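Enquirer: got a predicted model here, sequence first, then my questions.
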Amino acid sequence: MGVRIIEDEEFGAIEVRSNARIKRYGIKILSKGSVVITMPPYGLMGKALEFFESHREWVRTHLKGRKSKVRMLGYGMTFSTYTFDVELVSYEGDKFLGMMLRQDRKLLIRCPRQEDIMSEKSQSIVKSIVLNAMTIEAKKVLPGWLSRLAEQHGFHYRECRVMKMRTRWGSCSTSGSIHLSSMLMTLPSELIEFVMIHELSHTLEMNHSARFHELVDRCLGGRERELTEKIKNYSAVL
């Protein structure tokens, strides 16, 4: 069974898996919210993507239930990432403007006073500004961090890409390519490393076998179960 990763603007990293046991194209949504396209071994990638596009609304509908975990961002509310804090202020202009104040470790977002900050439209704009800023920061921080962990624990991977994945923290393909979500920047450092060790371990063990968990646990100094429970309190959505 082969696995390929495609990047979708709406759903982030999507796995395309070929499986000798199936005869038709299909779509699965895993428990963590990640989307998987399945196809028979003789299937074509183009056909798989066409099938997904024809079922995009179905995927969108089935993921709506997860929006209960989505954070609302408003005036006076606190939202912090690994490298900056977010602050919203109102002003007399007519556009939402984001400004990174590095000296203050702050992303300042100026919001038009006449707009309802809690409306779906305003929230979408504000969160887009935050996600873009997090992605820029993540591309500066995460690849080097992953490289240092790989060297420390003796892992080898093909490449690292940082993506705007909203439904999962990371993924690893069979070719050894690791994809990390920019949403990792919302986690404490010990959980960022937990995700990285998890994906690095997949370069040796692609499934979640006992050997995989033993490897992860060894790299984490016996803390895999503890950190697995901790990360359940967080969600890769914004």
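Expert: Nice, I can see it.
Enquirer: can you show me the strands along the chain?
Expert: Here the chain has its strands, by DSSP state E, at 3-8, 12-18, 26-29, 35-39, 79-80, 85-91, 97-101, 106-112, 159-163, 170-172, 177-181.
Enquirer: near residue 210, how many other residues are there?
Expert: 9 (other C-beta atoms under 10 Å). For every residue, glycine as well, the C-beta is placed using N, CA and C.
Enquirer: residue 86 too?
Expert: Neighbours of residue 86 using other C-beta under 10 Å come to 21.
Enquirer: which residues sit in contact with it?
Expert: 73, 79-80, 106-107, 109, 130 (C-beta atoms under 8 Å, 6 or more residues apart in numbering).
Enquirer: swap the cut-off to 7 Å and go again
Expert: Neighbouring residues of residue 86 by C-beta atoms under 7 Å, 6 or more residues apart in numbering: 73, 79, 107, 109, 130.
Enquirer: please name the nearest non-neighbouring residue to it.
Expert: Leaving aside its sequence neighbours, residue 86 sits nearest to residue 79 (C-beta to C-beta, 6 or more residues apart in numbering; 4.3 Å).
Enquirer: pLDDT value on residue 107, please?
Expert: Model confidence at residue 107, given as pLDDT, is 97.
Enquirer: any idea how far the residue nearest to residue 108 when sequence neighbours are not counted is from residue 13?
Expert: Leaving aside its sequence neighbours, residue 108 sits nearest to residue 99 (C-beta to C-beta, 6+ apart; 4.8 Å). As judged by C-beta to C-beta, to the nearest Å, residue 99 and residue 13 stand 29 Å apart.
Enquirer: returning to that earlier point: right, so of the strands of the chain, which gets closest to residue 136?
Expert: Closest to residue 136 of the strands of the chain is strand 97-101 (C-beta to C-beta; 8.4 Å).
Enquirer: now that closest one against strand 85-91, angle please.
Expert: 130 degrees (axes from the mean of the first three to the mean of the last three C-alpha atoms, to 10 degrees).
Enquirer: just checking, what packs against strand 97-101?
Expert: The helices and strands touching strand 97-101, judged by 3 or more C-beta pairs under 7 Å, 6 or more residues apart in numbering; DSSP states H and E, are strand 106-112, helix 120-153.
Enquirer: which one, of these, ends up nearest to residue 93?
Expert: Taking C-beta to C-beta, strand 106-112 is the member of these nearest to residue 93, at 5.9 Å.
Enquirer: what's next to the closest one, contact-wise?
Expert: Strand 106-112 has contacts (C-beta under 7 Å, 6+ apart) with 84-91, 93-101, 117, 122, 126, 129-130, 133.
Enquirer: now do stretch 188-201
Expert: With contacts defined as C-beta under 7 Å, 6+ apart, stretch 188-201 is touched by 145-146, 149-150, 153, 155, 157, 169-172, 178, 184, 212, 215-216, 219-220, 227, 230-231, 234.
Enquirer: only the buried subset of these, as a ChimeraX command please.
Expert: Restricted to buried positions by 16 or more other C-beta atoms under 10 Å, the ChimeraX selection for those reads:
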select :145,146,149,150,155,157,169,170,171,172,178,184,212,215,216,219,220,227,231
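Enquirer: the chain - how does it break down into domains?
Expert: The chain resolves into domains spanning 3-69, 137-231 when parsed by automatic domain parsing.
Enquirer: determine how far the last residue of the longest one lies from the first.
Expert: Looking back up the chat, that one is domain 137-231. 21 Å (C-alpha to C-alpha, to the nearest Å).
Enquirer: same question, stretch 162-169
Expert: With C-alpha to C-alpha as the measure, stretch 162-169 spans 10 Å from end to end.
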